[in-house]
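# any chance you could fold what I've pasted below:
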Amino acid sequence: MEDEEQAEKNMHKEGRAGVLSTAGHTTFRSSNRSKVPLIICSFIAIFIVLAGIAVLTIWLVYRPRRPNFRVISAAVYQLNATSPPFMSTAMQFTVLTRNPNKRLSVFYDQFSAFVSYKNQAITPQVTLPPLFQEPKSTVALSPVLGGAQVPVAAEVVGGMSMDEAYGVVGLSLVLTGKLEYKAAAGLTIIKTSIGHYRVYVKCDFFVGFKRGLIFGPMPLIGSNDLACRVDV
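Predicted coordinates:
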């Protein structure tokens with residue numbers, strides 16, 4: 001009898017130990033599973049921080065700067081503001097664009113130009129060919145604009161006639177398109193992250209007219225008016 005009671009006690013002890021061992025194993029596995037999402041989130045956070053540091057480093061090294069535009073000459077071959085509501089003009093400009101970046105080239109695409117007077121277009125919009133500009137370089141553009149009649153408001157025609165009689169006409173050359181920065185070796189640096197920039201260039205200037213002279217090259221008045229505003 002004593003042997004049977006001892007055996008039964010041993011079986012109870014082994015059963016309890018098994019339950020405790022199983023419970024501990026279950027608790028350990030449950031704890032490991034709860035740590036997995038935390039580890040994954042930590043890896044993602046570290047990756048995002050490292051990627052941000054890399055992008056910031058590239059940006060600081062290359063540091064894209066806006067290009068510069070200047071109008072240096074203008075030629076007016078036709079300026080007919082006497083048949084409202086239409087105006088016909090023919091003009092040619094020489095524009096210098098400079099890339100001030102040391103390590104980045106500039107690529108212009110879908111570039112177009114037109115002339116405006118008092119914020120109203122007086123020439124049709126003309127598409128310009130794509131332009132690739134090397135670092136620290138200057139390129140001259142000579143767009144020919146006009147040649148077709150453009151409908152304008154009556155106050156535009158009246159204002160143009162008065163300005164011609166006075167001898168000074170204020171005009172604006174507007175250039176719009178897309179701009180992309182590229183490394184000097186041709187590898188695109190920011191295309192994948194930012195893409196193309198929209199670029200808007202507006203050059204406000206005054207042209208001097210003299211009555212009785214045939215249209216042609218006109219003097220630009222005011223050196224402070226030659227620089228263009230560039231929005232990228």
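
# is it true that residue 226 touches residue 69?
No. Residue 226 is beyond contact range of residue 69, at 9.6 Å (criterion: Cβ atoms under 8 Å). In this view, the C-beta of every residue, glycine as well, is placed from N, C-alpha and C.

# what do the two both touch?
residue 203 (Cβ atoms under 8 Å, 6 or more residues apart in numbering).

# now do the residue nearest in space to the middle of the chain against residue 87, distance only.
Nearest to the mean C-alpha position of the chain, by Cα atoms, centre = their mean, lies residue 197 at 1.8 Å. From residue 197 over to residue 87 the distance is 32 Å, taken as Cβ to Cβ, to the nearest Å.

# in a strand, that's where residue 50 is, yeah?
No. Assigned with DSSP: H, G, I helix; E, B strand; the rest coil, residue 50 falls outside any strand and is helix.

# can you tell me how far it is from residue 38?
The gap separating residue 50 from residue 38 is 19 Å, by Cβ to Cβ.

# same check, this time on residue 169
Residue 169 is 71 Å from residue 38, by Cβ to Cβ.

# and the two? Which one has more around it.
Neighbours were counted for residue 169 and for residue 38 using other Cβ atoms under 10 Å; residue 169 has more, 21 against 9.

# secondary structure element holding the more buried one?
Residue 169 is part of strand 168-183 when elements are defined by DSSP states H and E.

# and that strand, what does it pack onto?
strand 68-83, strand 86-98, strand 104-117, helix 154-166, strand 197-208 (3 or more Cβ pairs under 8 Å, 6 or more residues apart in numbering; DSSP states H and E).

# show the model's pLDDT score for residue 111.
Listed pLDDT for residue 111 reads 91.

# ok, the residue nearest to it when sequence neighbours are not counted to residue 156 distance?
Spatial nearest neighbour of residue 111, chain neighbours left out: residue 177 (3.6 Å); criterion: Cβ to Cβ, 6 or more residues apart in numbering. Here residue 177 is placed at a distance of 25 Å from residue 156 (Cβ to Cβ).
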